[in-house]
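[1] sequence plus predicted model, see below.
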Amino acid sequence: MDFPFFLDIALRLLFTGIIIYRNKSSSPVRLGWVIVVLLIPLIGMALYLLFGEVWRDRGRLARHKSIIERVRSHMETVPFGVSNPEHMPHDIYAKVANAFEFQGAFPLRQGNQLQLFSAPKQTMLKIVEDIDQAQQSCHLLFYIWLNDDSGNLVANALIRARQRGVACRVLVDAMGSAQFLNSALKQRMDDAGIDVVTSFPLSGFDIRIDHRNHRKLIVIDGHIGWTGSRNLADAEFSIKPDFAPWVDVMARISGPSVYDLQIVFIEDWLLEQDVAIETLMTPIPKPHDDRSQVQVFASGPTLDFRILRQLAVMSLFIAKHELIITTPYFVPDEASITAYCGLARSGIRTVLIVPQRNDSRLVTAASRSFYQDLLDAGVEIYEYRPGLLHSKTITIDGQWSLLDTANFDRRSFELNYEVSFSTTDITFTSQLRDLQKQYIADSDRIDKNQWSQRSEYSRFVENTARLFAPIL
């Protein structure tokens, strides 16, 4: 037997055994890696060592877990948790909130105020206004920060705040914000005394480069918070202009749940900067009288990564009349597909809105491979025309809503650090649903009969991409 041939077979078998024995991911994920290694052995083995090996980043993850435990042991008792919610539209919402608190989510808290922002310029101007009124601290965490109008606008506001003596801390992901970290804008912020820190640096053999901090959040003076899908970038998104505009949504929160966002920031900051927790903590915000209830979810490899997947599936079962989902990247597992189809077949209006043009061809193909099953079950699928729909939202029955930094794929569910919140605020949920309806109006609905007549080549490409869905 030719030695190179024998070596090739031996390596494939060796890596297959390692994947099956050592990988702690789900069975579909392990199967996906086995397929990659068998089909493209050398490239597949290299990709697995970079992205699939569970030992990589183990020390860093253990340290982050220790930090989270330490920070949460220092948390003050927030007297505005809702252990037995009395103002829920349905008891099932209270049960879901309690179930997720049991799994590590922050408690459902009452007394918040929520504002929805979807217009890019209006969003940035309001963020700048909040920073300009800051008196104690400005904490910002973003996956992507670009050196564009939005990036400069916020940076200049932070420089003004720092000149007033406000402590300004900025945490950006090493991969998502690579250009910014080497820019003159970042240097200006450094020179002004703003603490700009890299989250999840890429150097080191034991670093998994696919563990990314995908969160987007702002906390001003500990009592105003922002989160949602928008990176700190213009809608024109200069690093990928062919897919612009990027269409996002953000929420401004004031009230007790901002304390939870602050805790998430502090946990991530301490992973990169060893400082006393007390220097970062702020007082608990006072509740508002309108009693809007919000529950914050932090997820990532250090935490219970199943929480987002379970949230996505459990949300389906609390729907009575309607479920609307928007996401830029839709690569569900089989359990989720079964749930979507079951929901639609039961007579509940089930709507999925995704972008018509996506910056990942592989994800687009994998996503479309699920269309036929969904369409046959009665799911309405819309592809958004004007740009890359980047909003990650869910509304249920016009009474419960979720705003997320996470996409509907394994990367967000298991590998990225994400932050989300849900609410039963009827006004906010109605506004979010109206925004979703506008997305629908600007979309093309996928016709079941026309879709079933697409070319055999398209089917082949989509079904091939679907094989890799578990590891996308």
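    Happy to help now that I have it. Numbering: from 1, shown residues only.
[2] buried stuff in stretch 296-305?
    Residues of stretch 296-305 classed as buried: Val296, Phe297, Ala298, Ser299, Gly300, Pro301, Thr302, Leu303, Phe305 (neighbour count, 16 or more other C-beta atoms under 10 Å). All C-beta atoms are positioned from the backbone trio N, CA, C, and that covers glycine.
[3] in a helix, the third one, correct?
    The one in question is Ala298. No - going by DSSP: H, G, I helix; E, B strand; the rest coil, the assignment for Ala298 is strand, not a helix.
[4] follow-up on the earlier one: export the buried residues of stretch 296-305 to CSV and tack on distance to Asp444 and pLDDT?
    Below are the buried residues of stretch 296-305 laid out as CSV (distance: C-beta to C-beta, whole Å; pLDDT from 0 to 100):
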residue, distance to Asp444, pLDDT
Val296, 35, 95
Phe297, 32, 90
Ala298, 36, 90
Ser299, 32, 86
Gly300, 35, 83
Pro301, 37, 79
Thr302, 40, 76
Leu303, 38, 71
Phe305, 34, 58
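[5] Pro355: which of those residues is nearest?
    Nearest to Pro355 among the buried residues of stretch 296-305: Ser299, at 23.2 Å, using C-beta to C-beta.
[6] what is the neighbour count of the closest residue to Asn152 other than its chain neighbours?
    Distances taken as C-beta to C-beta, 6 or more residues apart in numbering place Leu185 nearest to Asn152, at 6.3 Å, with adjacent residues excluded. If you count neighbours by other C-beta atoms under 10 Å, Leu185 ends up with 20.
[7] and Asp91, by the same measure?
    Per other C-beta under 10 Å, the neighbour tally for Asp91 reads 9.
[8] got it, and Lys121?
    Lys121 is flanked by 12 other residues according to other C-beta under 10 Å.
[9] I'd guess it is in a helix, am I close?
    Yes - counting by three-state DSSP, Lys121 is located in a helix.
[10] that one: what's it in contact with?
    If you count contacts by C-beta atoms under 8 Å, 6 or more residues apart in numbering, Lys121 has none.
[11] and it, how far from Ala235?
    Lys121 is 9 Å from Ala235, where distance means C-beta to C-beta, to the nearest Å.
[12] likewise for Ile426?
    Taken as C-beta to C-beta, the span from Ile426 to Ala235 is 29 Å.
[13] looking at the two, which one has more neighbours?
    More neighbours surround Ala235 than the other of Ile426 and Ala235, with 20 against 14 (other C-beta under 10 Å).
[14] so where's the stretch 151-300 of the chain shaky on pLDDT?
    Flagging of the stretch 151-300 of the chain using pLDDT under 70 yields the residue ranges 204-207, 290.
[15] just the helices in it please.
    Using DSSP state H, counting those that start in this stretch, the helices assigned to the stretch 151-300 of the chain run over residues 178-181, 184-191, 257-272.
[16] contact partners for the most centrally placed residue in the chain?
    Of all residues in the chain, the one closest to the mean position by C-alpha atoms, centre = their mean is Ala406, 2.0 Å from it. By C-beta under 8 Å, 6+ apart, Ala406 lies in contact with His214, Ser299, Leu308, Lys392, Ser412, Phe413, Asn416, Glu418, Ser420.
[17] got the residues you listed as a markdown table, with secondary structure and distance to Leu141 columns?
    Below are those laid out as a markdown table (DSSP: H, G, I helix; E, B strand; the rest coil; distance: C-beta to C-beta, whole Å):
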| residue | secondary structure | distance to Leu141 |
| --- | --- | --- |
| His214 | coil | 10 |
| Ser299 | strand | 14 |
| Leu308 | helix | 18 |
| Lys392 | coil | 17 |
| Ser412 | helix | 16 |
| Phe413 | helix | 20 |
| Asn416 | coil | 13 |
| Glu418 | strand | 11 |
| Ser420 | strand | 14 |
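[18] now the buried members of these.
    Counted by 16+ other C-beta under 10 Å, the contacts of Ala406 give His214, Ser299, Leu308, Lys392, Ser412, Phe413, Asn416, Glu418, Ser420 as buried.
[19] wasn't Ser422 part of a strand?
    Yes - counting by three-state DSSP, Ser422 is part of a strand.
[20] who's it bridged to?
    Counting by DSSP bridges, Ser422 forms beta bridges with Gln295, Leu402.
[21] and the strands in the stretch 251-400 of the chain?
    Applying DSSP state E, counting those that start in this stretch to the stretch 251-400 of the chain gives strands spanning 292-299, 322-326, 349-355, 380-384, 388-389, 393-396, 400-404.
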